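**Q** what follows is a protein structure lacking sequence information:
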């Protein structure tokens, strides 16, 4: 049957097949671009801000014990910390009997002296 087709008809069939393949390629490119754009958007999501106040926690035989209140950027707070709001930090220093870190002095920033 292909012997009966003229050269022009054969070229039209090849062109139609190539157009089909080009459409598939364009759709694949669009999908990959969207996936890359979504990954780029996800990578640019900012991490949550550092807490303004932290409570350092010590491990003791019965569990955990609150140690001291620190500013959010204090390097002396150790690895085990809990984020605190300003109100929680004030309450811990004034009512909770928890000490202020002697290095970062959160009591100064909080106005508790």
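**A** Right, received. Where do you want to start? Just so it is clear, the structure is predicted and the values come from calculations on it, not from any experiment.
**Q** and the pLDDT at the nearest residue to residue 71 once chain neighbours are set aside?
**A** Nearest residue to residue 71 in three dimensions, chain neighbours excluded: residue 104, at 4.4 Å (CB to CB, 6 or more residues apart in numbering). Glycine gets a C-beta too; all of them are placed from N, C-alpha and C. Note for residue 104: predicted pLDDT of 94.
**Q** now the helix or strand harbouring residue 93: mean pLDDT?
**A** For residue 93, the host element (DSSP states H and E) is helix 86-94. For helix 86-94, mean pLDDT is 92.
**Q** on that earlier part again, next up, the contacts around the residue nearest to residue 71.
**A** 70, 71, 73, 74, 76 (CB atoms under 8 Å, 6 or more residues apart in numbering).
**Q** which element is the closest residue in space to the fourth one that isn't next to it in sequence on?
**A** Nearest residue to residue 74, sequence neighbours excluded (CB to CB, 6+ apart): residue 104, at 3.7 Å. When secondary structure is defined using DSSP H and E, no element contains residue 104, which sits outside every helix and strand.
**Q** against residue 47, how distant is residue 104?
**A** Distance of residue 104 to residue 47, given as CB to CB, to the nearest Å: 21 Å.
**Q** what do you get for residue 6?
**A** Distance, residue 6 to residue 47, using CB to CB: 66 Å.
**Q** quick one, which of those two is more surrounded?
**A** Higher neighbour count among residue 6 and residue 47: residue 6, with 8 against 5, using other CB atoms under 10 Å.
**Q** would you mind giving both backbone torsions of the more buried one?
**A** phi -80, psi 170 (degrees, to the nearest 10).
**Q** low-confidence stretches in this structure?
**A** The chain contains residues with pLDDT under 70 at 1-2, 113.
**Q** which parts of it are strands?
**A** 53-60, 63-71, 81-84, 99-100 (DSSP state E).
**Q** for this protein, longest helix please?
**A** In the chain, assigned by DSSP state H, the helix with the most residues is helix 7-43.
**Q** any idea which residue sits dead centre in this protein?
**A** Centroid check for the chain by CA atoms, centre = their mean gives residue 47 as the closest residue, at 4.4 Å.
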